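In: Quick one: sequence plus predicted model below, questions after.
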Amino acid sequence: MTQEEYKVRLDVFEGPLDLLLYLIKKDELDIYNIPIERITTQYVQYLDLMKMLDLNIAGEFLVMAATLMMIKSRMLLPVEERPELEEEEEDPRWDLVRQLVEYKKFKDAALHLESLEARREDIFWRDGAEAVLTKEADLALRDVGLFDLISAFNDALKKIQNEELREIFAEHFTVAEKIEQLSDRLARERSFSLSDMFAAMRSRQEIACTFLALLELIRLSQARAVQRETYGEIFIERAEGVVELVPPVVDQAAPEPRGKE
């Protein structure tokens, strides 16, 4: 590739513990009895997807991957061959469980305070009158996290079973083009589902370019991803207050995915 790769740079505020909690909640697992082999496989899979998309991955993600691998290897060993541990830590998972439980407590408290703040923004008081909600339609929606989007991206990749070589070499997509296409579509429709967006795509490169374009629009606050129910269909909406969607000027081509699911 002669052109410099176009890379979307996101400030990922969610960390490795967030990803683990997401995977545990998504599969309805018992946080006190984590199936370590299953969770390690899924964690590494998400990490590979993030690397494929050239997203910024903090070192903590790699440290957690190494920790999961270590716990997995310990649990595969016969009990008599495992390294000696403190009595209360006979289960190699226990330290990780404690971290997750403590982190979940703080995260739940933060989300509760955030929801209270959001509700207060939509309440107006007048001379002791009852509270009035002004944005009832928005109350059923919640913003989608990065891991929800990556999960949807992974589902779209799985549907591309066998690519024809003639399609791979004949078609060329760039993130800049996809940003313009998504901007035009949002200007026309204002909202559409993520699955509908991926439905007509035939190659992994097109899916990757479109996904990176979507992340860029979200980063620029020109679009937002929402869900009407937990782990339900993801909808892409035109961000509030955006009068005209103007795609950034970029000439670089997007990198082709470096690996397969």
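Out: In hand now; what should we look at?
In: CA atoms only: put the helix or strand hosting M50 into CSV for me.
Out: In this assignment (DSSP states H and E), M50 forms part of helix 36-52. C-alpha atoms of helix 36-52 as CSV (Å, rounded to 0.1, in the frame of the first residue of the first chain):
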residue,chain,number,x,y,z
ILE,A,36,-11.9,-19.1,32.7
GLU,A,37,-11.2,-20.9,29.4
ARG,A,38,-14.3,-19.5,27.8
ILE,A,39,-13.8,-16.0,29.0
THR,A,40,-10.1,-16.0,28.0
THR,A,41,-11.0,-17.1,24.5
GLN,A,42,-13.6,-14.4,24.1
TYR,A,43,-11.3,-11.7,25.7
VAL,A,44,-8.5,-12.5,23.2
GLN,A,45,-11.0,-12.5,20.4
TYR,A,46,-12.1,-9.0,21.2
LEU,A,47,-8.5,-7.9,21.6
ASP,A,48,-7.7,-9.3,18.1
LEU,A,49,-10.6,-7.3,16.7
MET,A,50,-9.4,-4.1,18.3
LYS,A,51,-5.9,-4.7,16.9
MET,A,52,-7.4,-5.5,13.4
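In: residues of that helix that come out buried?
Out: 36, 39-40, 42-43, 46-47, 49-50, 52 (16 or more other C-beta atoms under 10 Å). Using the backbone N, CA and C atoms, a C-beta is placed for each residue, glycine as well.
In: now swap in stretch 219-228 and tell me
Out: 222-227.
In: Equivalent analysis for stretch 60-80, please.
Out: In stretch 60-80, counting by 16+ other C-beta under 10 Å, buried: 61, 64-65, 67-68, 71-72, 74.
In: Regarding stretch 74-92, how distant is the last residue from the first?
Out: 7 Å (C-alpha to C-alpha, to the nearest Å).
In: just use 558 as the starting number from now, easier for me
Out: Noted, 558 is the first residue going forward, which turns the last one into stretch 631-649.
In: Quick one: mean pLDDT over it.
Out: In this model, stretch 631-649 has an average pLDDT of 64.
In: for F749, helix, strand, or coil?
Out: Secondary structure, DSSP: H, G, I helix; E, B strand; the rest coil: F749 is strand.
In: any idea how far it lies from K661?
Out: 33 Å (C-beta to C-beta, to the nearest Å).
In: cool, and L634?
Out: Distance from L634 to K661, by C-beta to C-beta: 29 Å.
In: Equivalent analysis for R781, please.
Out: Counting by C-beta to C-beta, the gap from R781 to K661 is 25 Å.
In: again with G789
Out: 22 Å.
In: Which one's more surrounded, the two?
Out: K661 (17 against 12; other C-beta atoms under 10 Å).
In: other SSEs contacting the strand or helix carrying that one?
Out: Under the criterion of DSSP H and E, K661 resides in helix 651-678. Contacts defined by 3 or more C-beta pairs under 8 Å, 6 or more residues apart in numbering; DSSP states H and E place helix 651-678 against helix 573-583, helix 616-633.
In: buried stuff in it?
Out: Within helix 651-678, the residues that qualify as buried are 653, 657, 660-661, counting by 16+ other C-beta under 10 Å.
In: Helix, strand or coil: sort out Y788 for me.
Out: Once three-state DSSP is applied, Y788 turns out coil.
In: where does this protein have low pLDDT?
Out: Applying pLDDT under 70 to the chain flags residues 558-570, 635-647, 671-672, 674-700, 718-728, 798-818.
In: Mind jotting down where the helices sit in the stretch 658-807 of the chain?
Out: Counting by DSSP state H, counting those that start in this stretch, the segments of the stretch 658-807 of the chain that form helices are 703-715, 722-727, 732-746, 751-756, 761-776.
In: okay, the third one in PDB with CA atoms only?
Out: Read it as helix 732-746. The C-alpha coordinates for helix 732-746 follow below in PDB (Å, rounded to 0.1, in the frame of the first residue of the first chain):
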ATOM      1  CA  VAL A 732     -12.700   5.300   5.400                       C
ATOM      2  CA  ALA A 733     -13.100   8.700   3.900                       C
ATOM      3  CA  GLU A 734     -15.600   7.500   1.300                       C
ATOM      4  CA  LYS A 735     -17.500   5.600   3.900                       C
ATOM      5  CA  ILE A 736     -17.600   8.600   6.200                       C
ATOM      6  CA  GLU A 737     -19.200  10.600   3.300                       C
ATOM      7  CA  GLN A 738     -21.700   7.800   2.600                       C
ATOM      8  CA  LEU A 739     -22.700   7.400   6.200                       C
ATOM      9  CA  SER A 740     -23.000  11.200   6.500                       C
ATOM     10  CA  ASP A 741     -25.300  11.400   3.500                       C
ATOM     11  CA  ARG A 742     -27.400   8.500   4.800                       C
ATOM     12  CA  LEU A 743     -27.800  10.100   8.200                       C
ATOM     13  CA  ALA A 744     -28.800  13.400   6.500                       C
ATOM     14  CA  ARG A 745     -31.500  11.500   4.600                       C
ATOM     15  CA  GLU A 746     -32.800   8.900   7.100                       C
END
